[in-house]
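In: Mind looking at a prediction? Sequence and model below.
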Amino acid sequence: MGQLSPRVGEMGAKILNSKVEPIVQGALSTLSLGKKAFKFTRIELGQAKPTISNIRTHKTAKGFDRITVDCDLVYLGDSDIQVSILGVSSGVRNVQVAGRARIVLTPTISELPLVGGVQFFFLTKPEIDFDFDGAAKIATKLPAIKTKIKEDLLEDMSKEIVFPNRVTLPLSWTADPQLIWQPQLTGILGVRLRTVSGLPKKGSGGVRSWVGQDKPDAYATIGIGGDERTTVVAKNTVQHTWEEWYEFPLEEVDGHVVEVNMYDRDKASSDEFLGYAAIDIKTFSQIKHLYNRGTAPAKQGQAAKQTRPSRGQLVSQQSVQTLSVNQPIQTRLVEATLESVAGRKTKYAKITGKIGVELAWQPLVPTPGRDTARLFPGSTAAILSVFIYSANNLAKYAGASPSPIPVGHLPSAKATLTVANYTQTTGVSKDSQQAEFKQGFVFKLGKDWKTQTLKIRVDDTEKSVSSFGSKTWKLSELVGVDIKQEIVSLDTKIASQTITVSASIRFPGIPTN
């Protein structure tokens, strides 16, 4: 980590200039402060290194070739960052990023570097914090500016490096790209926010209490990492029961945390925070927020509230048995107490309340079973995984009479996948007749999956008459017969013009062995 720190610093400076600065400018623009109200004037990220603790390695899952490592990652910056905000010079100090992270090494190979690639992502949304320094002229605006910047930065991070999104680094040219780039799903976690009770009222006295409208309009976001669902709003109540189940396809059930954030819907302003609770899927018990469990980052110059586990604790953590992805988990009810989180916007003087959360784990199996095998109500009857490696020898546009691509033209190809009413596209492979995509896609399908097809079409994005052809499969033909790196023609009249693809279909069920 120490040897990599200088390179990480260089990369960080580039990210701040190319990604963070536009995000902050956009955030300030939404506050009507102007599109060019923010600019980095000096970036030195210092010598501080991220600290990694609470490391845990998962046991190998049967049928899956990967090494999974979880850890707590905390970065306490000693950076020297100067910015211009609304024309006022200011410093950015006490930059902090903290969260639970996962590293996946996949697949293992018999030659150096022994693994085909590395995936990195945060299991939960990381906490971000920083302070502005020396901006007294705009002090009254700084709290709103800081809040908006944090919201937009976290939203962008969620799209990049918070589960299910990730950063992938390929290390081998010989390993199967699908195993490097595409998550290998093993099951579906069902989550239901069953109840909430004991929420605080909006305050004593006033017109609201006279007319019986002094209770929150409560709703919740339920999430695993950046994959979040939102419940319906329960009007003017301190307690409620919801019926909806939410489905989260996962690679590993072990190590994930279900996070519930309660809010009060506010039409006049942004919604008010009503409390947070997190459920550890492994132990089916509540765990405290990072900032509330004695491991929160400290401000610069203060001692971090963090203790090193003893050798006995380390042995205990490492010997905890891993949950098997192949074993179903019947519905479990977990009760949790809502807790406050520093920095969350709320007008409530005290966070109170309890929630009841139901959890169930349904493995994915190769063949469909009876509906009675379902452990919880859900809309997903099948999951289709597709990986497109490449499109090859793109020389002619398809049609009744195939026509060669213009002399001197190199196509910029894109593949489009269509299943039922869902359409997804690859990125564009620029200026090549040998288009490399290396992209994976997942489709969650309903009970009518048997009547659906998978269609893959490849087009030249730079030409109006652009199709190189397409290939269609009936999903019913994929049951029990996975496609593995098959090379198939895009058009029967142009046999050499092909795509390389893998595809498989799996079903919620109970494994037979």
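Out: Sure, I can see it.

In: For Val238, give me its contacts.
Out: With contacts defined as Cβ atoms under 8 Å, 6 or more residues apart in numbering, Val238 is in contact with 197-201, 215-216, 218, 353. (Glycine included, C-beta is placed from N, CA and C.)

In: measure Val24 to Ile145 for me?
Out: With the distance defined as Cβ to Cβ, to the nearest Å, Val24 ends up 9 Å from Ile145.

In: My error: substitute Lys447 in the last question.
Out: Lys447 sits 49 Å away from Ile145 when distances are taken as Cβ to Cβ.

In: again, but for Thr461
Out: Counting by Cβ to Cβ, the separation of Thr461 from Ile145 is 39 Å.

In: buried residues in the host helix or strand of Pro22?
Out: Pro22 is located in helix 21-30, with elements delineated by DSSP states H and E. The neighbour-count criterion (16 or more other Cβ atoms under 10 Å) identifies 21, 23-25, 27-28 as the buried residues of helix 21-30.

In: same for that helix, what does it pack against?
Out: Helix 21-30 sits against strand 38-44, helix 142-161, with contacts defined as 3 or more Cβ pairs under 8 Å, 6 or more residues apart in numbering; DSSP states H and E.

In: Now tell me what touches the next helix or strand after the longest one from outside.
Out: Scanning forward in sequence from helix 142-161, with DSSP H and E defining helices and strands, the next element found is strand 167-170. When contacts are taken as Cβ under 8 Å, 6+ apart, the neighbours of strand 167-170 outside the stretch itself are 116-121, 160-161, 177, 180-181.

In: List the buried residues in strand 167-170.
Out: Buried residues in strand 167-170, counted by 16+ other Cβ under 10 Å: Thr168.

In: ok now do the nearest residue to Ile351 once chain neighbours are set aside, which residues does it touch?
Out: Here the nearest residue to Ile351 in space, its sequence neighbours aside, is Ser340; by Cβ to Cβ, 6 or more residues apart in numbering that works out to 4.2 Å. By Cβ under 8 Å, 6+ apart, the contact set of Ser340 is 273, 275-276, 292, 346, 351.

In: If you rank these by neighbours, which is first?
Out: Counting neighbours by other Cβ atoms under 10 Å, Gly275 comes out on top of the contacts of Ser340 with 28 neighbours.

In: Surely it is in contact with Ala336?
Out: No: in this structure, Gly275 is not within contact of Ala336 by Cβ atoms under 8 Å, at 9.6 Å.

In: which stretches of the stretch 101-250 of the chain aren't confidently modelled?
Out: Applying pLDDT under 70 to the stretch 101-250 of the chain picks out residues 135-137, 139, 203-212.

In: Strands along the stretch 401-513 of the chain, start to end?
Out: With DSSP state E, counting those that start in this stretch as the criterion, the stretch 401-513 of the chain has strands at 403-404, 413-419, 422-425, 435-445, 453-460, 467-474, 483-489, 498-508.

In: Switch the contacts of strand 167-170 over to TSV; also include neighbour count and distance to Pro406.
Out: Supplementary listing: those in TSV, determined by neighbours: other Cβ atoms under 10 Å; distance: Cβ to Cβ, whole Å:
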residue	neighbour count	distance to Pro406
Gly116	24	38
Gly117	22	37
Val118	18	41
Gln119	20	40
Phe120	14	42
Phe121	21	42
Glu160	13	37
Ile161	18	41
Pro177	24	31
Ile180	21	35
Trp181	20	32
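
In: Of those, which belong to helices?
Out: Counting by DSSP state H, these place 160-161, 177, 180-181 in helices.

In: Using TSV, lay out these together with distance to Phe40.
Out: What follows is the ones in helices among the contacts of strand 167-170, written out as TSV (distance: Cβ to Cβ, whole Å):
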residue	distance to Phe40
Glu160	19
Ile161	21
Pro177	36
Ile180	34
Trp181	32
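
In: hang on, Lys146 packs against Phe132?
Out: Yes: using Cβ under 8 Å, Lys146 and Phe132 qualify as a contacting pair, with a distance of 6.8 Å.

In: I'd like to know which helix or strand in the chain has the lowest mean pLDDT.
Out: In the chain, no helix or strand scores lower on mean pLDDT, DSSP states H and E than helix 311-319, which sits at a mean of 38.

In: After it, heading C-terminal, what element do we hit next?
Out: Counting by DSSP H and E, the element after helix 311-319 in chain order, helix or strand, is strand 329-337.

In: State the paired neighbours of the helix or strand immediately after that next one in the chain in the sheet, together with their directions.
Out: Tracing the chain C-terminally past strand 329-337 and defining elements by DSSP H and E, one meets strand 354-365 next. For strand 354-365, the paired strands and their directions (DSSP bridges) read strand 187-197 (antiparallel), strand 329-337 (antiparallel), strand 498-508 (antiparallel).

In: Which one of those strands lies nearest to Pro368?
Out: strand 498-508 (4.4 Å; Cβ to Cβ).

In: could I get the contacts of Ser340 as CSV with pLDDT?
Out: Written out in CSV, the entries for those read as follows (pLDDT from 0 to 100):
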residue, pLDDT
Phe273, 95
Gly275, 97
Tyr276, 97
Asn292, 80
Thr346, 89
Ile351, 95
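
In: which pair in these spans the largest distance?
Out: Between all members of those, the longest pairwise span (Cβ to Cβ) is found for Asn292 and Thr346 and amounts to 15.0 Å.

In: Nearest residue to Asp72 in space, please, no chain neighbours.
Out: Leaving out its chain neighbours, the residue that sits closest to Asp72 by Cβ to Cβ, 6+ apart is Asn54, at 4.4 Å.

In: just curious, which of the buried residues of helix 21-30 is nearest to Glu151?
Out: When those are compared for distance to Glu151 (Cβ to Cβ), Ala27 wins out at 7.4 Å.

In: Distance check, the closest one against Val88.
Out: The spacing between Ala27 and Val88, counted by Cβ to Cβ, is 17 Å.

In: swap in Tyr246?
Out: Tyr246 sits at a distance of 45 Å from Val88 (criterion: Cβ to Cβ).

In: Which of these two has more residues huddled nearby?
Out: Remark: of Tyr246 and Val88, Tyr246 carries more neighbours, 20 against 16, as counted by other Cβ under 10 Å.
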